[in-house]
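heads up, no residue letters with this:
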């Protein structure tokens, strides 16, 4: 059972989501706008996942997401009637884990919820990754090289985690795009190349950990 915060100003939709979550034996906390959503988030320090609408009174979903990401990497699924690619990209850059466009089928939403809860639980079971001088603290979302903290954007961090957790495996650009940006993201595959380039620059002398698989994608490779 997980504790899930649902923030949406549409009462009927919020009730529908709540019913499906309760059937899955989850505990549900409700909020009808962004301000109340943040209030409920701060009152509950053990929230496992957030379902967050974008267009809401007082504080919109982007504002709420920014505040949450200042202190937590709790999975956040954005719910919105806006379907422009630019909105999706903006959400992912802010640190959203997924993006579902309204109207949606409740069973699809529940599948996404289960997937992110499972992924988050797996991450908690392996909280510290070490590769030579590179250390990834998953709990703190902190990257260090030789005891120096390396600043990454939320998406660069997610990209590094995905590569590191699949070390030794050749990952296609499509695989990376689907798993880091989400199945609903329809951006160009060059998005992957651009982020890989930025990531390598920030990894400095550890950039050789991210290797190019010519004509295919990338591989996280640790030399023995």
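Structure received. All values derive from a computational prediction rather than experimental measurement. Residues are numbered from 1 along each chain as shown.

for residue 66, what are its contacts?
residue 94 (CB atoms under 8 Å, 6 or more residues apart in numbering). To be clear about C-beta, it is placed using only N, CA and C from the backbone, and glycine gets the same treatment.

go on, residue 10?
If a contact means CB under 8 Å, 6+ apart, then residue 10 has residue 53 as its contacts.

what number of residues lie near residue 188?
By other CB atoms under 10 Å, 11 other residues sit near residue 188.

any idea what it is structurally, helix, strand or coil?
Using DSSP: H, G, I helix; E, B strand; the rest coil, the structure places residue 188 in coil.

Work out for me the element residue 15 sits within.
Element membership for residue 15 (DSSP states H and E) is helix 11-23.

how about that helix: buried residues?
13-14, 17-18, 21 (16 or more other CB atoms under 10 Å).

Same question for stretch 100-110.
Those buried within stretch 100-110 under the rule 16+ other CB under 10 Å are 100, 109-110.

Tell me the gap between that stretch and the middle of its chain.
Its chain's C-alpha centre and that of stretch 100-110 lie 17 Å apart, by CA atoms, centre = their mean, to the nearest Å.

which one of the buried residues of stretch 100-110 is nearest residue 208?
Closest to residue 208 out of the buried residues of stretch 100-110 is residue 100 (37.4 Å), distances taken as CB to CB.

Make sure I have this right: the closest one is in a strand.
Yes: according to three-state DSSP, residue 100 belongs to a strand.

Look up how far residue 69 lies from the residue nearest to it when sequence neighbours are not counted.
Leaving aside its sequence neighbours, residue 100 sits nearest to residue 79 (CB to CB, 6 or more residues apart in numbering; 5.6 Å). Distance of residue 79 to residue 69, computed by CB to CB, to the nearest Å: 17 Å.

Then residue 105?
Separation of residue 105 from residue 69 (CB to CB): 28 Å.

for residue 169, same thing?
28 Å.

thinking again about what came up before, now the buried residues of stretch 100-110 as CSV including distance to residue 156?
What follows is the buried residues of stretch 100-110, written out as CSV (distance: CB to CB, whole Å):
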residue, distance to residue 156
100, 23
109, 28
110, 30
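
ok, the residues you listed vs residue 30, which is closest?
Among those, residue 109 lies closest to residue 30 (CB to CB), at 15.5 Å.

That closest one belongs to a helix, doesn't it?
Yes: counting by three-state DSSP, residue 109 falls inside a helix.

higher neighbour count, residue 79 and residue 69?
Applying other CB under 10 Å to residue 79 and residue 69 shows that residue 79 carries more neighbours, namely 24 against 16.

Report the secondary structure state of that one.
strand.

pLDDT value on the most centrally placed residue in the chain, please?
Residue closest to the average C-alpha location in the chain (CA atoms, centre = their mean): residue 97, at 2.5 Å. On the pLDDT scale, residue 97 is placed at 90.

which strands and helices sit next to the helix or strand of the chain with the lowest mean pLDDT?
Sorted by mean pLDDT, DSSP states H and E, the helices and strands of the chain end with helix 85-94, the least confident at a mean of 77. Applying 3 or more CB pairs under 8 Å, 6 or more residues apart in numbering; DSSP states H and E, one finds that helix 85-94 contacts helix 61-69, strand 98-101, helix 154-165.
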